[in-house]
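>>> 3D model of this:
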Amino acid sequence: MTTSPIHVIGGGLAGSEAAWQIAQAGVPVMLHEMRPVRGTEAHQTDCLAELVCSNSFRSDDWEYNAVGLLHAEMRRMGSLIMAAGDAHQVPAGSALAVDRDGFSQAVTARLEAHPLVTIAREEVAGLPPADWDSVIIATGPLTSPSLAEAILARTGENALSFFDAIAPIVHLDSVNLDVAWRQSRYDKAGPGGDTAAYINCPMDQAQYEAFIDALIAGPKAEFKDWEQVPYFDGCLPIEVMAERGRETLRHGPMKPVGLTNPHRPDDKAHAVVQLRQDNALGSLWNLVGFQTKLKHGAQTDIFRMIPGLEKAVFARLGGLHRNTFLNSPALLDSELRLKAEPRLRFAGQVTGVEGYVESAAVGLLTGRLAAAEALGRPISPPPPTTALGALVAHITGGHLGLTGGSFQPMNVNYGLFPPMEAPRRSADGKRLTPPERGRAKKRLMSIRALADLDAWLAAPVSFAAE
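A predicted model of the protein is given here:
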């Protein structure tokens, strides 16, 4: 076995997961993280795997949701990120949300304690040294300028960019629960069995219309040369959604469906703002879907228009930062190596995946690929029928045959999987309606994915979870 360490640049979710997988395979790894030597626009601590936006890993339903399926696949592959997320779960209905501080502290502690992991607190400026023969670049959307410029110079390509926004967080004891109430939509139980994982703030039509007016009129942060950078639709600022149509929010993050106000059970809310628990103590709650580029002074005034938040005390206000990612289909091969310099692999958001879980999943795979190569037992990515395989197929070129358009960030979704015929009848012979057929098809695709992943993991050249 080689004694030369694999170098992982970037200690976010992708880099932390990659380093863990390498070490678990028995290969030494050096994890380079520039914080706290050099800070970023979004990070607040020097912990590894810090969550800078939402604290949610989204749905944990493996049968009917693609990201929940990705959770299940990662757990089967011994994911450090999923283990820490499960250990530091907070109530969030059917989603998996985590105490962000406990989560990142746990990831940091596990990596610091691993005998094959060395953590170097330093910035890697420019391309990695030539004598680093195996490198994973997992610097994420906040890649340092010197490294980004060196990568672009090496590839001859321009990076693509988009804005990413951060939602505000409030102190629970400042929320008026005589107006707001706890309930998950349709009383759906989450992974922990809680059916009241959200705080709901109701609005009547007049309150909603005034709120929309305030969002649209409120002063926004300006970024000059950034202004032509597109937003990613999965993380739109709330005021941008409002500008796209006055009803947009009512059919998006402020939809009132599946909720009954116990204070006024006969009144149907026109819109509802939801808050989700942000830490294990339950003292901090974030405004779900309320990413924003409003100036800080305007945020407090406008968000206190929300019933139940009239006296809200904010632990953190919303913000905006620019993300960058590679034109991966043109630059990376199927094993996520840079075609122009194969010693360099890429992982996480910089590859053009979107979301915490997707970023960590790509880190998991690059770690396994790099470790297998170092051990002289190269492996191929999982089959495209799996969530991870479908995601990698997309970012390395699979999108071209589907959309014919330019490469854009993508969350995992069933549309990335090889097609499968939807069943027309249930197991007991009942004819299924179109919605029922679609739901049954998702479940069959998920069952197929886990079976194919198990077969891939059982292959002699693959690593079993420990």
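
>>> which stretches of the stretch 251-400 of the chain aren't confidently modelled?
Of all residues in the stretch 251-400 of the chain, those with pLDDT under 70 make up the ranges 321-323, 398-400.

>>> residue ranges of the strands in it, please?
Taking DSSP state E, counting those that start in this stretch to define them, one finds strands in the stretch 251-400 of the chain at 271-277, 284-287, 314-316, 319-325, 337-338, 341-346.

>>> Just put those strands in JSON lines and tack on distance to residue 383.
To be clear about C-beta, it is placed using only N, CA and C from the backbone, and glycine gets the same treatment. Converted to JSON lines, those look like this (distance: least, CB to CB, whole Å):
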{"stretch": "strand 271-277", "distance to residue 383": "34"}
{"stretch": "strand 284-287", "distance to residue 383": "36"}
{"stretch": "strand 314-316", "distance to residue 383": "41"}
{"stretch": "strand 319-325", "distance to residue 383": "25"}
{"stretch": "strand 337-338", "distance to residue 383": "19"}
{"stretch": "strand 341-346", "distance to residue 383": "20"}
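
>>> The ones you listed: which one's closest to residue 101?
If you check each of those against residue 101 by CB to CB, strand 284-287 wins as the nearest, at 9.6 Å.

>>> can you list contacts of that closest one?
Residues from elsewhere that reach strand 284-287, judged by CB atoms under 8 Å, 6 or more residues apart in numbering: 54-55, 167-172, 175, 199, 273-278, 303, 315.

>>> And stretch 204-221, by the same measure?
203, 238-239, 242-243, 246, 249-250, 254, 267, 269-271, 293-295, 297-298, 301-302, 305-307, 319-320.

>>> shaky segments in the stretch 101-250 of the chain?
141-144, 157-165, 191-193, 222-235.

>>> Make a PyMOL selection of the buried ones in the contacts of strand 284-287.
When burial is assessed using 16 or more other CB atoms under 10 Å, the buried subset of these is captured in PyMOL by this command:
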select buried, resi 54+55+167+168+169+170+172+175+199+273+274+275+276+277+278+303+315
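
>>> Out of the strands of the stretch 251-400 of the chain, which is closest to residue 135?
strand 341-346 (5.1 Å).

>>> if we can go back for a sec, among the strands of the stretch 251-400 of the chain, which is nearest residue 115?
Set against residue 115 and scored by CB to CB, the strands of the stretch 251-400 of the chain come closest in strand 341-346, at 23.4 Å.

>>> Adjacent strands (with direction) for the closest one?
For strand 341-346, sheet partners with direction are given as strand 135-137 (parallel), strand 337-338 (antiparallel), following DSSP bridges.

>>> Tell me what the residue nearest to residue 111 when sequence neighbours are not counted is bridged to.
If the residues on either side of it in the chain are set aside, residue 111 comes closest to residue 117, at 5.1 Å by CB to CB, 6 or more residues apart in numbering. For residue 117, the beta-bridge assignment (DSSP bridges) gives partners residue 29.

>>> Can you give me the distance of residue 117 to residue 126?
24 Å (CB to CB, to the nearest Å).

>>> Which one's more surrounded, those two?
Legend: neighbour count by other CB atoms under 10 Å for residue 117 and residue 126, higher for residue 117 (21 against 14).

>>> so how far is residue 109 from that one?
Distance check for residue 117 against residue 109: by CB to CB, it reads 11 Å.

>>> what's the longest helix in this protein?
Of all the elements of type helix in the chain, the one with the most residues (DSSP state H) is helix 434-458.

>>> Contacts made by that helix with the rest, please.
Around helix 434-458, the neighbours that count as contacts under CB under 8 Å, 6+ apart are 62-66, 69, 72-73, 76-77, 382-383, 385-389, 414, 417, 420-424, 426, 432, 462-465.

>>> can you rerun that using 6 Å?
By CB atoms under 6 Å, 6 or more residues apart in numbering, the residues outside helix 434-458 that reach it are 62-64, 69, 73, 382-383, 385-387, 414, 417, 420, 422-423, 462, 464.

>>> Check residue 25 and give its pLDDT.
The predicted local distance difference test score for residue 25 is 96.

>>> okay, now it: neighbour count?
Residue 25, neighbours per other CB under 10 Å, totals 22.

>>> again, but for residue 10
Per other CB under 10 Å, the neighbour tally for residue 10 reads 31.

>>> Now do stretch 30-44, average pLDDT.
Averaging pLDDT along stretch 30-44 gives 71.

>>> Surely residue 181 is in contact with residue 262?
Yes - in terms of CB atoms under 6 Å, residue 181 counts as a neighbour of residue 262; the distance is 5.3 Å.

>>> Give me the more crowded residue out of these two.
Between residue 181 and residue 262, residue 181 has the larger neighbour count (other CB under 10 Å), namely 19 against 9.

>>> how close does the more buried one sit to residue 273?
Taken as CB to CB, the spacing of residue 181 relative to residue 273 amounts to 12 Å.

>>> And residue 377, by the same measure?
For residue 377, the distance to residue 273 (CB to CB) stands at 52 Å.

>>> Kindly report the same for residue 17.
Counting by CB to CB, the gap between residue 17 and residue 273 amounts to 33 Å.

>>> now residue 172
Summarising the geometry, the distance separating residue 172 from residue 273, computed by CB to CB, is 15 Å.

>>> The stretch 51-200 of the chain: helices as residue ranges?
Defined through DSSP state H, counting those that start in this stretch, the helices belonging to the stretch 51-200 of the chain, from first to last, are 66-76, 80-87, 100-113, 145-155.

>>> and stretch 250-269, which residues are buried?
250, 253-256, 259, 261, 269.

>>> Spit out the contact partners of the residue nearest to residue 72 when sequence neighbours are not counted.
Spatial nearest neighbour of residue 72, chain neighbours left out: residue 62 (3.9 Å); criterion: CB to CB, 6+ apart. For residue 62, the contact set (CB under 6 Å, 6+ apart) comprises 68-69, 72, 446.

>>> ok, and the most crowded of those residues?
Looking at the contacts of residue 62 with neighbours defined as other CB under 10 Å, the largest count falls to residue 69 at 30 neighbours.
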